[in-house]
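In: Here is the input, now give the coordinates:
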Amino acid sequence: MSELTFGRYSPYNTVVHRIDPRSKIFYMILIFVAIFLHFNMWSTNLIISGVLLILLVVVMAISRISFRSLAKSLLSMWFLLLFLLVIYALIPNKTYIYPAFNIGSLTIYYDAFYQWGYIMLRLVMILCTTMILTSTTKPMDLTNGLEWGMSFLKPIHFPAHEIAMTISIALRFIPTILDETNRIMKAQSSRGVDFTRGIANRVRAIVSLIIPLFVSAIERSEELANAMEARGYDPKAKRTHFHVMHFSYLDWISFFLVLLVFGGVLALFIIDKNVQTVNIIETLFGVNPGF
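Out: Down below sits the predicted model:
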């Protein structure tokens, strides 16, 4: 668990690291929108998702992000993935039309496995996108970028800085909590707690892990609050920045590339929906609307 890098900044000097954090936040939003665009055809969904995943993997390789950490993050959610597979396979759905095999009187459809695989593919892309942002952006730069992005809401007294700081601290605490969990697990294992054998033993072990983990997290939060207060931190005060953010040529080049990918996905989505609308109108009224 200590090898996980989710939420942890990796201090490399790659092209992705040098991109302005405001640009990376905007790119993440566009990629999330592209990920959740749903097409009518299975093949179209899989092809678009596959292309996006390949692009994200390339960016991760350029950023020198550990793929082992991505795999460990997915393996840590094995129960959720298994639960989703059971839900999709066993709960009847009238839209399923391709039977795979029967379990007694229950028919299992290929559509259920497709839906589960598509959800898993989306989850992998979301993890990749989030890891790229958090691994290549310093926590304070991320805070400043989020605050800049929400600055247009300040005239209505929206607490942009407080929310940005809260998000940044939450992201920063992810690797800290992982390190603390690993330390407590080793300490409990040395005292005879077994985290690997039997469901009952695992439940008791998790209970013995959660309580000290919560206590440690609360103590660290209190120490952080005291440290910020001792340094005179005031969220309502007018703040300046030692490092002033500037857009560079890398931001414009990356903006063009991301916008090109997003525009292509969005154009395919609009065409796909228009084709569906034409088919529905032709079926209902027997006329072609001409678009």
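In: What is the burial count for Ile48?
Out: 20 (other Cβ atoms under 10 Å). Every C-beta, even on glycine, is put in place using the N, C-alpha and C of the backbone.
In: can I assume it sits in a helix?
Out: Yes. Secondary structure of Ile48 (DSSP: H, G, I helix; E, B strand; the rest coil): part of a helix.
In: Please list all residues in contact with it.
Out: 34, 37, 39, 265, 268 (Cβ atoms under 8 Å, 6 or more residues apart in numbering).
In: So which residues make contact with stretch 154-168?
Out: Contacts for stretch 154-168 (Cβ under 8 Å, 6+ apart): 139-140, 142-144, 146-147, 150-151, 153, 235, 239.
In: do stretch 49-61 as well
Out: By Cβ under 8 Å, 6+ apart, stretch 49-61 touches 16, 31, 34-35, 67, 70, 118, 121-122, 124-125, 128-129, 131-132, 261, 265.
In: could you redo the last one with a cut-off of 10 Å?
Out: For stretch 49-61, the surrounding residues in contact (Cβ atoms under 10 Å, 6 or more residues apart in numbering) are 14-16, 27, 31, 34-35, 37, 39, 65-67, 69-70, 117-118, 121-122, 124-129, 131-132, 135-136, 254, 257-258, 261-262, 264-265.
In: Please identify the buried residues of the one helix or strand Glu219 maps to?
Out: Using DSSP states H and E, Glu219 maps to helix 199-230. Buried residues in helix 199-230, counted by 16 or more other Cβ atoms under 10 Å: 205, 208-209, 213, 216.
In: ok, back up a step: now the two most distant members of the contacts of stretch 154-168.
Out: Pro139 and Leu153 (21.8 Å; Cβ to Cβ).
In: More neighbours: which of those two?
Out: Pro139 (17 against 12).
In: That one and Pro11 touch, don't they?
Out: No. Here Pro139 does not reach Pro11: they are 12.0 Å apart, not a contact under Cβ atoms under 10 Å.
In: any chance you could map the helices in the chain?
Out: All helices of the chain, identified by DSSP state H, fall at 15-18, 21-35, 42-63, 67-75, 78-90, 110-136, 139-149, 160-190, 199-230, 249-285.
In: With distance to Gly104 and mean pLDDT as extra columns, can I get these in CSV?
Out: CSV is the format used below for these (distance: least, Cβ to Cβ, whole Å; pLDDT from 0 to 100):
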stretch, distance to Gly104, mean pLDDT
helix 15-18, 52, 91
helix 21-35, 37, 92
helix 42-63, 27, 89
helix 67-75, 32, 81
helix 78-90, 12, 81
helix 110-136, 16, 87
helix 139-149, 52, 82
helix 160-190, 41, 79
helix 199-230, 26, 80
helix 249-285, 36, 77
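In: Would you list the buried entries among the contacts of stretch 49-61?
Out: 16, 27, 31, 34-35, 37, 39, 65-66, 69-70, 118, 121-122, 124-129, 131-132, 135-136, 254, 258, 261-262, 265.
In: How about the contacts made by Asn93?
Out: 109, 111-112, 115.
In: how about 8 Å then?
Out: Contacts of Asn93 by Cβ under 8 Å, 6+ apart are 109, 111-112.
In: what's the pLDDT at it?
Out: Per-residue pLDDT puts Asn93 at 75.
In: just Phe291 next, same as before
Out: 41.
In: so how far is His157 from Thr137?
Out: Separation of Thr137 from His157 (Cβ to Cβ, to the nearest Å): 27 Å.
In: Leaving out chain neighbours, which residue sits closest to Ile97?
Out: Among residues not flanking Ile97 along the chain, Asp111 sits closest, at 6.7 Å (Cβ to Cβ, 6 or more residues apart in numbering).
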